[in-house]
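# only geometry, no sequence info:
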């Protein structure tokens, strides 16, 4: 595995993500102030619940992942991380600022890697960016998707559905699908031939997620606009069913029982809007069962909306023919998304075994890989012998090996420095679920 180096394009995407995160906060504040000025206190309470709940959920995941790592400051890799003690880091997450701390660490490493000759031999940049992509995914389905559902419901009930409103909704759902796509691109770093993965694979991945998520959100919006009191019961019952199937999938993502149950509850929330691979092995039958359930649920929601609109429309009147056309179109968009998903898996999805993915368990535990003079990578002969040796002693033995090599063979070409990758075990598990 070669040394990872951020490109200027990667750095731009990292900075853009931070800017969009700050912009999202500004827009949330504007929405809160707008609801308060309009004295729409019910919508204000729901929005605040979504914003606070999502922020707390993301910060809890971020703190748990830090707590799983070595809390010794000397083991941290960025200056941003080293400037805070464990207590200060915990306080930062309590104040809901942990996500910005992670962003700052990734920006620091990407700056050093993109505009200097400083290399990142342990792949810390990739490690931190993987966690960020997962946190963005959680935030997209715990805040952005429910918030868009709330806004669309209010707009539909008020009858202010115009071209500008439609464009804003399309932009919002595209941002959610983009977060899912960025998560997909972060998994690609575990592929042995990442550079051979064409951009069309990400385009197809984006399109089928865009179609599936938009269809799901529109169906929920139609149902919530006609029967607003029942949408919470629908979510809770659906979430319980989905949580049961997540539990039956025997997930093993977090390193503590409480953290694992929090992860399962979060996956149940994500599944309420879109599919997410969480189990090892071939998931064809699980995926078919999930999409069959979602297709049936979307059809039922649209049918209930049509039924409610015909005898006693709760807001503006919709002709029965238009209502039927709208309901059928929503279901058709979901089926079209399934076709794009099938296209992705047929043409662009690589099927690999666990052993073929980068970042194996030995690398994550501090094993080494040396390169021969011809450029081929081989396992270090002392990787198994030092498997139980503490990390500091392991690095000392590496330095002794390098010194011996330099003394005995000064005339020949010097072997490259050992390439030690810091593997994100959590994201590698997700990569195994997705690619194998």
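Sure thing, it's come through. Here the structure is a predicted model, which means the values were calculated and not measured.

# so what are the domain limits for the protein?
Using automatic domain parsing, the domain ranges for the chain come out as 1-186, 198-341, 367-419.

# hey, least reliable of these by pLDDT?
Mean pLDDT values for the domains of the chain show the minimum at domain 367-419, a mean of 40.

# isn't residue 35 right up against residue 43?
Yes - taking contacts as Cβ atoms under 8 Å, residue 35 lies within contact range of residue 43: 5.1 Å. To be clear about C-beta, it is placed using only N, CA and C from the backbone, and glycine gets the same treatment.

# any idea where the strands of the chain begin and end?
For the chain, applying DSSP state E gives strands covering 369-371, 377-379.

# ok, residue 244 - how many residues close by?
Residues lying near residue 244 (other Cβ atoms under 10 Å) number 12.

# and it, how far is that from residue 142?
For residue 244, the distance to residue 142 equals 20 Å [Cβ to Cβ, to the nearest Å].

# check residue 335 too.
27 Å.

# could I get the full set of helices for the stretch 201-350 of the chain?
231-248, 257-271, 284-309, 320-347 (DSSP state H, counting those that start in this stretch).

# list the buried ones in the second one?
Within helix 257-271, the residues scored as buried using 16 or more other Cβ atoms under 10 Å are 259, 262-264, 266-271.

# can you give me the helices for the stretch 51-200 of the chain?
79-82, 86-94, 98-114, 124-139, 145-158, 163-187, 199-226.

# which of those sits most buried?
With neighbours defined as mean count of other Cβ atoms under 10 Å, the helices of the stretch 51-200 of the chain peak in mean count at helix 124-139, which reaches a mean of 23.

# show me what that one is packed up against.
helix 8-37, helix 41-68, helix 98-114, helix 163-187, helix 257-271, helix 425-435 (3 or more Cβ pairs under 8 Å, 6 or more residues apart in numbering; DSSP states H and E).

# save those helices as JSON lines, and put in distance to residue 296 too.
Shown next, in JSON lines, are those (distance: least, Cβ to Cβ, whole Å):
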{"stretch": "helix 8-37", "distance to residue 296": "33"}
{"stretch": "helix 41-68", "distance to residue 296": "27"}
{"stretch": "helix 98-114", "distance to residue 296": "36"}
{"stretch": "helix 163-187", "distance to residue 296": "22"}
{"stretch": "helix 257-271", "distance to residue 296": "14"}
{"stretch": "helix 425-435", "distance to residue 296": "25"}
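
# nearest to residue 311, out of the ones you listed?
Nearest to residue 311 among these is helix 41-68; the distance by Cβ to Cβ comes to 25.7 Å.

# could you check the angle that closest one makes with helix 231-248?
Helix 41-68 runs at 20 degrees relative to helix 231-248, counting by axes from the mean of the first three to the mean of the last three Cα atoms, to 10 degrees.

# buried ones in helix 41-68, by neighbour count?
So helix 41-68, judged by 16+ other Cβ under 10 Å, has buried residues 43-44, 46-47, 50-51, 54-55, 57-66.

# ditto for stretch 329-342
Result for stretch 329-342 [16+ other Cβ under 10 Å]: buried residues 330-331, 333-334, 337-338, 340-341.

# is residue 68 in contact with residue 255, as I believe?
Yes - using Cβ under 8 Å, residue 68 makes contact with residue 255 at a distance of 4.8 Å.

# residue 344: what's it in contact with?
By Cβ atoms under 8 Å, 6 or more residues apart in numbering, the contact set of residue 344 is 201, 204-205, 208.

# now for those residues: which two are most distant?
201 and 208 (11.4 Å).

# which non-adjacent residue is nearest residue 262?
In this structure, residue 262 finds its nearest non-sequential neighbour in residue 60, 6.8 Å apart by Cβ to Cβ, 6 or more residues apart in numbering.

# gap between the one you found and residue 264?
On the measure of Cβ to Cβ, residue 60 and residue 264 end up 14 Å apart.

# ok, residue 251 touching residue 260?
Yes - applying Cβ under 8 Å, one finds residue 251 in contact with residue 260, separated by 6.6 Å.

# got a list of what residue 276 touches?
When contacts are taken as Cβ under 8 Å, 6+ apart, residue 276 is in contact with 267, 270.

# now with 6 Å?
Shown in contact with residue 276 (Cβ atoms under 6 Å, 6 or more residues apart in numbering): residue 270.

# could you pull up phi and psi at it?
Main-chain torsions, residue 276, degrees, to the nearest 10: phi -150, psi 120.

# out of the helices of the stretch 201-350 of the chain, flag the one nearest residue 103.
With Cβ to Cβ as the criterion, residue 103 lies closest to helix 257-271 of the helices of the stretch 201-350 of the chain, at 20.5 Å.

# so that closest one versus helix 145-158, what angle?
Using the same axes, to 10 degrees, one finds that helix 257-271 and helix 145-158 are set 40 degrees apart in direction.

# helices or strands up against helix 257-271?
Applying 3 or more Cβ pairs under 6 Å, 6 or more residues apart in numbering; DSSP states H and E, we find helix 257-271 packed against helix 231-248.

# flag every buried residue along the helix it packs on.
231, 234-235, 238-239, 242-243, 245-246.

# so which of these is the closest to residue 286?
Using Cβ to Cβ, those come closest to residue 286 at residue 245, 7.8 Å.

# from residue 328, how far out is residue 155?
22 Å.

# typed the wrong thing, it's residue 211
Computed as Cβ to Cβ, the residue 211 to residue 328 distance reads 15 Å.
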